[in-house]
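**Student:** predicted model and sequence below, questions to follow.
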Amino acid sequence: MSASSALFSLIYCHGAVPGAIASPGERDDTMDFLMPPLSCTGYRMAAGKYALSRSLDQYLGAILQIEKNASVARVKDIANVLGVKKGSVAGALKKLSAMGLIVYPSYRPVNLTDEGRRLAEYNRWRDSILMLFMTTVLHLSHREAEASVERIGYALGEKVVDRMRQFMAQTYEEVVDSLDFW
């Protein structure tokens, strides 16, 4: 892949807009898209504290998605998003509640705790970093990358994800530096 097509892929496919090149002494925000969102401040503590199974990771992500779209997550909504039965949802919610990641009162909407939200936001960011790595570095199709992220994302340690992020940040800077139209 040429430098310009790699940059195009980063910008177009992943919404990374390099912006203007910073003048000397100014902060260059071109790499901000690779950093975890501010909403998951404290994610290092949350990510290291909990060992979520693939299934629980998916439930946490579904609750976050539903809360962002509808402000409240109900058991039936979670079941619909994940394509599972309500009984399966109830069992997973009890586990997440026992871990302190959600508030799950019987027959009421489910809410993420602050810690649950940080972890869910981190997991979403982690998955986007993995998707970016797999599509731009490994040249996998979006479908292949998505299937791989779903299978392995939850199991990767923070250090692995951070190394991928660092690699892409370095590669991105090299691509930008190599382009003569900036």
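**Tutor:** Great, that's in hand.

**Student:** ramachandran angles for the nearest residue in space to E146 that is not next to it in sequence?
**Tutor:** Once flanking residues are discounted, E146 sits nearest to M131: 6.8 Å by Cβ to Cβ, 6 or more residues apart in numbering. Bear in mind the C-beta positions are built from the backbone N, C-alpha and C, glycine included. When read as degrees, to the nearest 10, the backbone of M131 gives phi -60, psi -50.

**Student:** quick one: M131 from S55, how far?
**Tutor:** 20 Å (Cβ to Cβ, to the nearest Å).

**Student:** which one's more surrounded, these two?
**Tutor:** Between M131 and S55, counted using other Cβ atoms under 10 Å, the more crowded position is M131 (19 against 15).

**Student:** dump the residue contacts of the more buried one.
**Tutor:** By Cβ atoms under 8 Å, 6 or more residues apart in numbering, M131 lies in contact with H14, H142, A145, E146, V149.

**Student:** alpha carbons of stretch 150-163, as PDB, please.
**Tutor:** Presented in PDB, the C-alpha positions along stretch 150-163 are these (Å, rounded to 0.1, in the frame of the first residue of the first chain):
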ATOM      1  CA  GLU A 150     -15.500  -9.900  17.900                       C
ATOM      2  CA  ARG A 151     -13.600 -13.100  18.600                       C
ATOM      3  CA  ILE A 152     -10.400 -11.700  20.200                       C
ATOM      4  CA  GLY A 153     -11.000  -8.100  21.200                       C
ATOM      5  CA  TYR A 154     -12.100  -8.900  24.800                       C
ATOM      6  CA  ALA A 155      -9.100 -11.200  25.400                       C
ATOM      7  CA  LEU A 156      -6.300  -8.800  24.400                       C
ATOM      8  CA  GLY A 157      -4.500  -7.100  27.200                       C
ATOM      9  CA  GLU A 158      -4.200  -3.300  27.400                       C
ATOM     10  CA  LYS A 159      -0.500  -3.500  26.600                       C
ATOM     11  CA  VAL A 160      -1.200  -5.200  23.300                       C
ATOM     12  CA  VAL A 161      -3.800  -2.700  22.300                       C
ATOM     13  CA  ASP A 162      -1.600   0.200  23.300                       C
ATOM     14  CA  ARG A 163       1.300  -1.200  21.200                       C
END
